[in-house]
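**Student:** Got a sequence here, can you build the structure:
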Amino acid sequence: MSVLSPVLDRLDQSLDKSLERLFDLLRVKSISTDPAYAAECRKGAEWLVADLKTIGFEASVRDTPGHPMVVAHHDGPAGSPHVLFYGHYDVQPVDPIELWESDPFAPAIKEVGPGHKVITGRGSADDKGQLMTFVEACRAWKAVHGGLPCKITLLFEGEEESGSPSLKPFLEANAAELKADFALVCDTGMWDRDTPAISTALRGLVGEEITIHAADRDLHSGEFGGAAANPIRILARILADIHDKTGRVTIPGFYDGVEETPSQVLKSWESLGETADDFLGPIGLSVPAGEKGRSVLELVWARPTAEFNGITGGYTGKGFKTVIAAQASAKVSFRLVHKQNPDKIRAAFRKFVEERLPADCSVEFHKHGGSPAIQLSYDSLFLTKAKQALSDEWPKPAVMIAMGGSIPIVGDFQTYLGMESLLVGFGLSDDRIHSPNEKYELSSFHKGQRSWARILDALTR
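**Tutor:** Numbers count the residues shown, from 1 in each chain. Below you'll find the model as predicted:
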C-alpha cells in the first residue's frame, strides 16, 4: 500500500470534522478593511495558531502595524523539499447586507441541485475554505504517519483584502525565516467544476495618471475656440495614437521582452473550448478588441495591454457649458507579460506623451504602482508533478492556465524571498467572492484536501 492511500482515506472519513473546523473559522468576522473588526481579525489569527498547534506546528501570532500574521513551521524528513504555503484569513465586507440570503457569518451546507452541495458564508471561498484544504491535508498526513512528508512553513496574512500594507515589510524583516524552496499559493481557482488548473502566469501592472495643462484658466469657446489649445483634444489624440488599427500598442519598445506562448500551450488553451461569444457574450459584447488574430484566452492571459480607465476635463455636470478646459486628465494602465520591464514601460509611455505635446502645453505624471509579470517555466519539475497529482484526483486532467490580473504576493515572494510560486486553488468563477452570497463547492473543499495530499506526496518523490 502506498503512503498516500491511507491519508486519502483519512480525509474522506474526517470530512464532517473538517467542516466543523472550517465553520468555526468562518464565524469569525475578520473584515480587515474596517477598523471596527480589528479584534475579530486577531481572533481569526489566534484561532489558526491554536488549531495548527494541535497538528504539531510551531505556530505564533506575529504583530504588524496592522492586522497580525500567522507563521507556523513543521519539520520534514532530512533531504525533503521545504515549501512555504500562503493564504489569508481576512475577508471582504459583507455590504450590502440586505442582498444576502442568509447570515454571512453563519456558514451552512446548502443543496443547490441533485447531489450538488455548497458551503455558504463570507470567506468560504476567499480564502478560508481554500487555506483550510491545505491545513486538513497536513492534519490527515500527520495523523496517519506521525509526521509530514516535507518541511512546511505556513504564512497566513490578515490584510490581503485591504491592500497588504504590512506584507512587504514583514517579508523583508523575516526573509531568512520564511525562505523555502518554493511557495504554494491557494488564492486561485479551477477551470470548471471537473477540471483542476495550475496558474502559470500572472500579468504585471503599470499605472499612470496624466494631466495636460494648456491655458491658465477655463476659456469661453466662442471667444477663444480655434485659437487656444484644447487639452481635451490633445489628450484624446495622444490616447488614440497608443493603438494602431490591428490593436497593437504603438509605444516604441513596448513589446520588448514579450515572448510568443509555446504552441503546445496555445493548443491546450484551445482545447478548453472558450470562444469569443462565450467570453464576451455575458457582458453584452461579441467582438474581441485586442490584437487581431489571437484568441480571447491568449489576449487576457498572455498578451500585454494598454487600457484607459478614466478621462476627465472641462464641464461634466448636468446641462451644457461652452468652455475650453484649462486641463484634462486620464488614468492609463498597462498589463504586462513575460519579461516586460515596468520601469521601461513607464518611461517609454511618458516620452510618447511628451513628444506629442504642443509647444505651449505641459504635462504632469502621477505614478500608480508598478510590478512585473510572473511566468513559471512550463517545464518546471514541480509544475509537472503537481499537474499529474491533480489529474489523478479530478474527473478531468489538470490544465495550465494564466491569469489576466495580478496577485502581488507572488511577485513579493520572488522579489524578497527569491522563490517561484505554484498557484493551485479550487475556487470557481461563480463563487461570488467579494459579493453577497459567497459560496464554496463542497467538492472543492473535500477534493481540495485530497489534491493537496497528492501534491505533497508527488513533490517529495
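
**Student:** quick one, strands of the stretch 1-150 of the chain?
**Tutor:** Assigned by DSSP state E, counting those that start in this stretch, the stretch 1-150 of the chain shows strands spanning 58-62, 69-74, 82-88, 108-113, 116-120.

**Student:** Including mean pLDDT, distance to Ala325 and mean neighbour count, could these go into CSV?
**Tutor:** For the C-beta atoms, the positions are set from N, CA and C on the backbone; glycine is no exception. Listed next are the strands of the stretch 1-150 of the chain as CSV, based on pLDDT from 0 to 100; distance: least, Cβ to Cβ, whole Å; neighbours: other Cβ atoms under 10 Å:
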stretch, mean pLDDT, distance to Ala325, mean neighbour count
strand 58-62, 98, 50, 16
strand 69-74, 98, 47, 22
strand 82-88, 97, 43, 24
strand 108-113, 95, 52, 11
strand 116-120, 97, 50, 20
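
**Student:** Return the residues in contact with Ala276.
**Tutor:** Neighbouring residues of Ala276 by Cβ atoms under 8 Å, 6 or more residues apart in numbering: Ser286, Val287, Pro288, Ser295, Val296.

**Student:** hmm, try it at 6 Å
**Tutor:** Listed by Cβ atoms under 6 Å, 6 or more residues apart in numbering, the contact set of Ala276 reads Pro288, Val296.

**Student:** Number the residues from 50 up from this point.
**Tutor:** All right, first residue 50 from here; so that's Ala325.

**Student:** distance of it from Ala451?
**Tutor:** From Ala325 over to Ala451 the distance is 18 Å, taken as Cβ to Cβ, to the nearest Å.

**Student:** cool, Phe205 as well?
**Tutor:** Counting by Cβ to Cβ, the gap from Phe205 to Ala451 is 26 Å.

**Student:** Equivalent analysis for Arg282, please.
**Tutor:** In this view, Arg282 and Ala451 are 38 Å apart by Cβ to Cβ.

**Student:** Same question for Val336.
**Tutor:** Computed with Cβ to Cβ, the distance linking Val336 and Ala451 is 22 Å.

**Student:** Those two: who's more crowded?
**Tutor:** Between Val336 and Ala451, counted using other Cβ atoms under 10 Å, Ala451 has the larger neighbour count: 25 against 7.

**Student:** Give me the most central residue, this structure.
**Tutor:** Residue closest to the average C-alpha location in the chain (Cα atoms, centre = their mean): Ile456, at 3.6 Å.

**Student:** His417 looks like it's in a helix, true?
**Tutor:** No. Read with DSSP: H, G, I helix; E, B strand; the rest coil, His417 is strand and lies in no helix.

**Student:** so how many other residues sit close to the nearest residue to it once chain neighbours are set aside?
**Tutor:** Sequence neighbours aside, Gly256 is the residue nearest to His417 in space, at 3.1 Å (criterion: Cβ to Cβ, 6 or more residues apart in numbering). Per other Cβ under 10 Å, the neighbour tally for Gly256 reads 17.

**Student:** Can you classify Gly256 by secondary structure?
**Tutor:** Secondary structure, three-state DSSP: Gly256 is strand.

**Student:** Check it and give its pLDDT.
**Tutor:** Here the pLDDT value assigned to Gly256 is 94.

**Student:** which residues touch it?
**Tutor:** When contacts are counted by Cβ under 6 Å, 6+ apart, Gly256 touches Ser382, His417, Gly418.

**Student:** Dig out what it forms beta bridges with.
**Tutor:** Beta bridges link Gly256 to Ser382, judged by DSSP bridges.

**Student:** before we move on, what about Val448?
**Tutor:** Beta-bridge pairing for Val448 (DSSP bridges): Ala246.

**Student:** measure it to Ser470 for me?
**Tutor:** Noted for Val448: a distance of 18 Å to Ser470, by Cβ to Cβ.

**Student:** between the two, who's got more neighbours?
**Tutor:** The neighbour count for Val448 versus Ser470, taken as other Cβ under 10 Å, is higher for Ser470 (24 against 21).

**Student:** Contacts only, for Ala246.
**Tutor:** Residues in contact with Ala246 (Cβ under 6 Å, 6+ apart) are Met239, Trp240, Val448, Ile450.

**Student:** before we move on, what about Ser420?
**Tutor:** The contact partners of Ser420, by Cβ under 6 Å, 6+ apart, come to Gly253, Leu254, Gly460.

**Student:** Mind putting those into CSV with distance to Arg91 and neighbour count?
**Tutor:** What follows is the contacts of Ser420, written out as CSV (distance: Cβ to Cβ, whole Å; neighbours: other Cβ atoms under 10 Å):
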residue, distance to Arg91, neighbour count
Gly253, 33, 23
Leu254, 31, 21
Gly460, 27, 18
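
**Student:** From these, pick the one nearest Leu148.
**Tutor:** Checking the contacts of Ser420 against Leu148 by Cβ to Cβ gives Leu254 as the nearest, at 30.1 Å.

**Student:** how near is the closest one to Val381?
**Tutor:** From Leu254 to Val381 the distance is 11 Å (Cβ to Cβ).

**Student:** Tabulate the strands of the stretch 50-199 of the chain in JSON lines, adding columns for distance to Phe401.
**Tutor:** Shown next, in JSON lines, are the strands of the stretch 50-199 of the chain (distance: least, Cβ to Cβ, whole Å):
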{"stretch": "strand 107-111", "distance to Phe401": "44"}
{"stretch": "strand 118-123", "distance to Phe401": "41"}
{"stretch": "strand 131-137", "distance to Phe401": "37"}
{"stretch": "strand 157-162", "distance to Phe401": "50"}
{"stretch": "strand 165-169", "distance to Phe401": "48"}
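
**Student:** Out of the ones you listed, which is closest to Thr361?
**Tutor:** The closest of those to Thr361 is strand 131-137. By Cβ to Cβ, the value is 34.2 Å.
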